[in-house]
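K.L.:
quick one: sequence plus predicted model below, questions after.
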Amino acid sequence: MRILLVDDEKTILDEVGEIMRGQRYDVETAPDGEKAMERIMVQPFDLVILDIMLPKQDGFSVLREMRREKMTTPVLMLTARGDTDDKVKGLDLGADDYLAKPFSSAELLARVRALLRRVSKHASPVLSAWAVELDTVTREVLHKGSPVQLTPKEFAILEFLLYNKGRAVSRFSLAEHVWGDEFDPFTMSNYIDVHIKNLRRKLGDARGRLIETIRGVGYIVRDQDR
């Protein structure tokens, strides 16, 4: 399950992120509202944990924009303890739950599990295109029904492209998602090309029909022959 954690306090991003990764959640972080919307518009998340008091664009504005774009992603809002007005406003704007600061890790994880259970009842964990199927829960990949062994980076690339099926993904967005802050465009510029080449080979996609290159942009996965 992919979760976006949005907070301007670095200690919360680091500590809560570490706790949730320890529960095997795939966690990405954003320090302000603008960065949060950039990430949300690029890829889907299963849950957004959203602080209200954010620089550049506050949590209410992010939530309002998400719902305006018809995004049904569950949102858990972080509020100041005892601030009833914020809780009411968040729920009115479409938040699914709220949690007052400071909170315990046990309470946070309980709220997260409850919201993700709602999602899992309505969403398939399997992403597919052409003859490829990727299970986001078991992390298994099949090509024409046969298992394919991928490295963690190859899996992350394929998963990201399948999540964005039908939409062009820039090389920068792909690198940022897979390598995060570790990616250096000056010394690692050919890393993506190498991994894409290996992915195509393992998936029998030598002609680049599944993972199509869009010159000057990046890549796209389509779900039908062109």
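P.N.:
Nice, I can see it.
K.L.:
return the residues in contact with Arg2.
P.N.:
With contacts defined as Cβ atoms under 8 Å, 6 or more residues apart in numbering, Arg2 is in contact with 25-28, 43-47. Placement of C-beta: from N, CA and C, glycine included.
K.L.:
just among those residues, which is most surrounded?
P.N.:
When neighbours are taken as other Cβ atoms under 10 Å, the top entry among those is Leu47 (25 neighbours).
K.L.:
any idea what that one is bridged to?
P.N.:
Residues found in beta-bridge contact with Leu47 (criterion: DSSP bridges) are Ile3.
K.L.:
with the one 4 residues further on instead?
P.N.:
Counting by DSSP bridges, Asp51 is bridged to Leu78.
K.L.:
for the host helix or strand of Leu142, the averaged confidence score.
P.N.:
Counting by DSSP states H and E, the secondary-structure element that holds Leu142 is strand 141-143. What strand 141-143 shows for mean pLDDT is 94.
K.L.:
strand partners of that strand, parallel vs antiparallel please.
P.N.:
Note on strand 141-143: by DSSP bridges, its sheet partners are strand 132-135 (antiparallel), strand 146-147 (antiparallel).
K.L.:
pick the most deeply packed of these.
P.N.:
Mean neighbours per residue, mean count of other Cβ atoms under 10 Å, is largest over the strands paired with strand 141-143 for strand 132-135, with a mean of 19.
K.L.:
what residues does that strand touch?
P.N.:
Taking Cβ under 8 Å, 6+ apart as the rule, strand 132-135 contacts 125-128, 140-143, 155, 158-159, 162, 203, 210.
K.L.:
can we see that at 10 Å?
P.N.:
124-128, 140-145, 148, 150, 155, 158-159, 161-163, 199, 203-205, 210-211, 221 (Cβ atoms under 10 Å, 6 or more residues apart in numbering).
K.L.:
helix or strand right after the longest helix anywhere in the chain?
P.N.:
The helix that spans the most residues within the chain, counting by DSSP state H, is helix 105-122. Moving toward the C-terminus from helix 105-122, the next helix or strand (DSSP H and E) is strand 126-129.
K.L.:
list the buried residues of that following strand.
P.N.:
127, 129 (16 or more other Cβ atoms under 10 Å).
K.L.:
residues near Pro223, how many?
P.N.:
No Pro there; residue 223 is Asp. By the other Cβ under 10 Å criterion, the neighbourhood of Asp223 contains 11 residues.
K.L.:
now it: closest residue in space that isn't a chain neighbour?
P.N.:
Ala129 (4.9 Å; Cβ to Cβ, 6 or more residues apart in numbering).
K.L.:
center of this structure - which residue?
P.N.:
The central residue of the chain, meaning the one whose C-alpha is nearest the mean C-alpha position (Cα atoms, centre = their mean), is Phe45 at 4.2 Å.
K.L.:
neighbours around the nearest residue to that one once chain neighbours are set aside, how many?
P.N.:
Spatially, and ignoring its direct neighbours in sequence, Phe45 is nearest to Leu4 (4.6 Å; Cβ to Cβ, 6+ apart). Counted with other Cβ under 10 Å, residues neighbouring Leu4 total 23.
K.L.:
got the contact list for Leu4?
P.N.:
For Leu4, the set of contacting residues under the criterion of Cβ under 10 Å, 6+ apart consists of 26-30, 35-36, 39-40, 43-50, 73, 75.
K.L.:
now it: how far from Lys87?
P.N.:
For Leu4, the distance to Lys87 equals 21 Å [Cβ to Cβ, to the nearest Å].
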